[in-house]
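Visitor: Quick one: sequence plus predicted model below, questions after.
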Amino acid sequence: MRFNDEAKLNFAMEHVLHLEDLYADDWNSDISIHISNLKYELKKEEIRLKMKRKDAKIISGSTRINNA
C-alpha cells in the first residue's frame with residue numbers, strides 16, 4: 001500500500017500524538033523535548049504541503065478572482 005505525502009504526514013502525526021500522551025507525565029523530560037520538536041517539524045511540513053497544493057491550484061487556473 002502506498003501513501004501520498006499528506007497521508008504519511010497524518011500517520012506520523014497520529015503516532016507522535018500518542019507518544020506525547022505516553023510521556024505527558026514527565027516520565028522522561030529529554031524524550032518529551034524531542035517529541036515536541038518532532039511535532040513542530042511535522043506541523044511545518046503540513047503547512048508546506050498545503051501551500052504547495054494551494055500554489056498548484058493557482059497555477060492551474062482553478063482559482064478565480066471575483067471583481068466586486
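Guide: Ah, there it is. Numbers count the residues shown, from 1 in each chain.
Visitor: Low-confidence ranges, this protein, go.
Guide: 1, 26, 58-68 (pLDDT under 70).
Visitor: Strands of that one, start to end?
Guide: Counting by DSSP state E, one finds no strands in the chain.
Visitor: Can you list the buried residues in the helix ranked longest in the chain?
Guide: For the chain, the helix with the greatest residue count under DSSP state H is helix 29-60. For helix 29-60, burial by neighbour count (16 or more other CB atoms under 10 Å) applies to 32, 35, 38-39, 42, 45-46. (C-beta placed from N, C-alpha, C; glycine too.)
Visitor: show me what contacts Leu49?
Guide: Residues counted as contacts of Leu49 (CB atoms under 8 Å, 6 or more residues apart in numbering) are 5-6, 9.
Visitor: Touching, Ala12 and Leu42? I think so.
Guide: Yes: between Ala12 and Leu42 there is a contact under CB atoms under 8 Å: 5.8 Å.
Visitor: now the residue nearest the centre of the chain: how far from Asn28?
Guide: Centrality entry for the chain: nearest residue to the mean C-alpha point is Glu46, 3.2 Å, by CA atoms, centre = their mean. To Asn28, Glu46 is 26 Å away according to CB to CB, to the nearest Å.
Visitor: Kindly report the same for Ala56.
Guide: Distance of Ala56 to Asn28, given as CB to CB: 41 Å.
Visitor: likewise Asp55?
Guide: 40 Å.
Visitor: ditto for Arg2
Guide: For Arg2, the distance to Asn28 - CB to CB - is 35 Å.
Visitor: neighbour count winner among the two?
Guide: Each of Arg2 and Asn28 has its neighbours counted (other CB atoms under 10 Å); Asn28 has more, 11 against 5.
Visitor: I'd like the distance from that one to Asp21, if you could.
Guide: Counting by CB to CB, the gap from Asn28 to Asp21 is 14 Å.
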